[in-house]
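Q: What follows is a predicted structure for the sequence shown.
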Amino acid sequence: MRRSRAAYLLLILPFIATLVPWIYNRAEPSLFGLPFFYWYQLAWVLITAALLGFVVYVTRERDDV
């Protein structure tokens with residue numbers, strides 16, 4: 001149960017990372033022609049998907065009793 005609670009706390013990271021716009025509200029540096037704002041947001045979409053997958057894996061119900 002303790003491990004599950006810690007896994008759920010990981011889901012706060014994407015919220016906090018996108019909550020503070022002064023971190024990513026700029027155009028430089030650009031990556032593949034995309035301003036920092038866009039690739040920062042896209043990176044957090046991918047990171048959030050990975051975090052959700054991890055949380056689902058860790059907190060799933062196990063029927064192999």
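A: That came through fine.
Q: hey, which helix is longest across the protein?
A: With secondary structure taken from DSSP state H, the chain has its longest helix at helix 36-59.
Q: CA atoms only for that helix - export them in CSV, please.
A: Listed in CSV are the C-alpha atoms of helix 36-59, where the atom choice follows Å, rounded to 0.1, in the frame of the first residue of the first chain:
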residue,chain,number,x,y,z
PHE,A,36,11.4,25.9,-26.3
PHE,A,37,7.8,26.3,-25.3
TYR,A,38,6.5,23.7,-27.7
TRP,A,39,9.1,21.0,-27.2
TYR,A,40,8.9,21.5,-23.4
GLN,A,41,5.2,20.9,-23.5
LEU,A,42,5.6,17.9,-25.9
ALA,A,43,8.3,16.4,-23.6
TRP,A,44,5.9,16.6,-20.7
VAL,A,45,3.2,14.9,-22.7
LEU,A,46,5.6,12.0,-23.3
ILE,A,47,6.9,12.0,-19.7
THR,A,48,3.3,12.0,-18.4
ALA,A,49,2.4,9.0,-20.6
ALA,A,50,5.4,7.1,-19.2
LEU,A,51,4.5,8.1,-15.6
LEU,A,52,0.9,7.0,-16.0
GLY,A,53,2.0,3.7,-17.5
PHE,A,54,4.3,3.2,-14.5
VAL,A,55,1.7,4.1,-12.0
VAL,A,56,-0.9,1.7,-13.6
TYR,A,57,1.7,-1.1,-13.6
VAL,A,58,2.7,-0.5,-9.9
THR,A,59,-0.9,-0.1,-8.6
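Q: Mind pulling the model confidence for the residue at minimal distance from the centre of the chain?
A: In the chain, the residue lying closest to the centroid (Cα atoms, centre = their mean) is residue 48, at 3.0 Å. Turning to residue 48, the model gives it a pLDDT of 94.
Q: what's the answer for residue 52, then?
A: Confidence at residue 52, expressed as pLDDT, is 94.
Q: Repeat that for residue 24.
A: Residue 24 is assigned a pLDDT of 74 by the prediction.
Q: re earlier: identify the residue nearest the residue nearest to the centre of the chain in space, chain neighbours excluded?
A: Using Cβ to Cβ, 6 or more residues apart in numbering and skipping residues adjacent in sequence, the residue nearest residue 48 is residue 14, 4.3 Å away. C-beta here means a position set from N, CA and C on the backbone, and glycine is covered the same way.
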